[in-house]
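K.L.:
predicted coordinates and the sequence they were generated for:
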Amino acid sequence: MTQNGMLILLVEDDEHDVFFFRRALAKAERQFPLRLVVDGEQAVQYLSGEGQYSDRAAHPLPDVIFLDLKLPYLGGMEVLEYIKNQPALRDIDVIVLTSSPEERDRKRAFELGAKEYLVKPAAPKTLQQLLTIHTSPKAEVKL
């Protein structure tokens, strides 16, 4: 979590979808810092803290990821596989936001750890509800 609240990483290559996501985010009850990467390779670099994303103060790990599946260079399923195989990333909620209505894609995304699967265009109200659910502070477990 950043000083300004829960950080969202949006992995999306379509500028129109980015616009609609930002619009839904602006209408949410709380404001959230947003980082944007436009392909699967950038997503993995961001999450691993490599290259231009090596400064964790400027590029902190996100609390929630909104991930498109159809991305240039490295697809969303490969990004999900990467996240699943990184112990430090497994607790990050990943919400797939894709144009694919295919049941096999939905099933595979859930197998790889996605928490939600939305087919575009997602209604702004749905995005706002997901933002509320997945950006609320997690309850601490006391032993």
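P.N.:
Great, that's in hand.
K.L.:
residue ranges of the helices in this protein, please?
P.N.:
Using DSSP state H, the helices assigned to the chain run over residues 15-26, 40-48, 76-84, 103-111, 124-134.
K.L.:
need those helices in a markdown table with mean pLDDT, can you?
P.N.:
Below are the helices of the chain laid out as a markdown table (pLDDT from 0 to 100):
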| stretch | mean pLDDT |
| --- | --- |
| helix 15-26 | 86 |
| helix 40-48 | 97 |
| helix 76-84 | 96 |
| helix 103-111 | 96 |
| helix 124-134 | 68 |
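K.L.:
what's the closest of these to residue 94?
P.N.:
Nearest to residue 94 among the helices of the chain is helix 76-84; the distance by C-beta to C-beta comes to 6.3 Å. The C-beta positions use only the backbone N, C-alpha and C, and glycine is treated the same way.
K.L.:
pull out the buried residues from the closest one.
P.N.:
Within helix 76-84, the residues that qualify as buried are 76, 77, 78, 79, 80, 81, 82, 83, counting by 16 or more other C-beta atoms under 10 Å.
K.L.:
distance to residue 118 added to the helices of the chain, as JSON lines?
P.N.:
Converted to JSON lines, the helices of the chain look like this (distance: least, C-beta to C-beta, whole Å):
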{"stretch": "helix 15-26", "distance to residue 118": "11"}
{"stretch": "helix 40-48", "distance to residue 118": "18"}
{"stretch": "helix 76-84", "distance to residue 118": "13"}
{"stretch": "helix 103-111", "distance to residue 118": "10"}
{"stretch": "helix 124-134", "distance to residue 118": "7"}
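K.L.:
so what pLDDT did the residue nearest to residue 17 when sequence neighbours are not counted get?
P.N.:
Leaving aside its sequence neighbours, residue 17 sits nearest to residue 120 (C-beta to C-beta, 6 or more residues apart in numbering; 6.4 Å). Looking at residue 120, its pLDDT reads 81.
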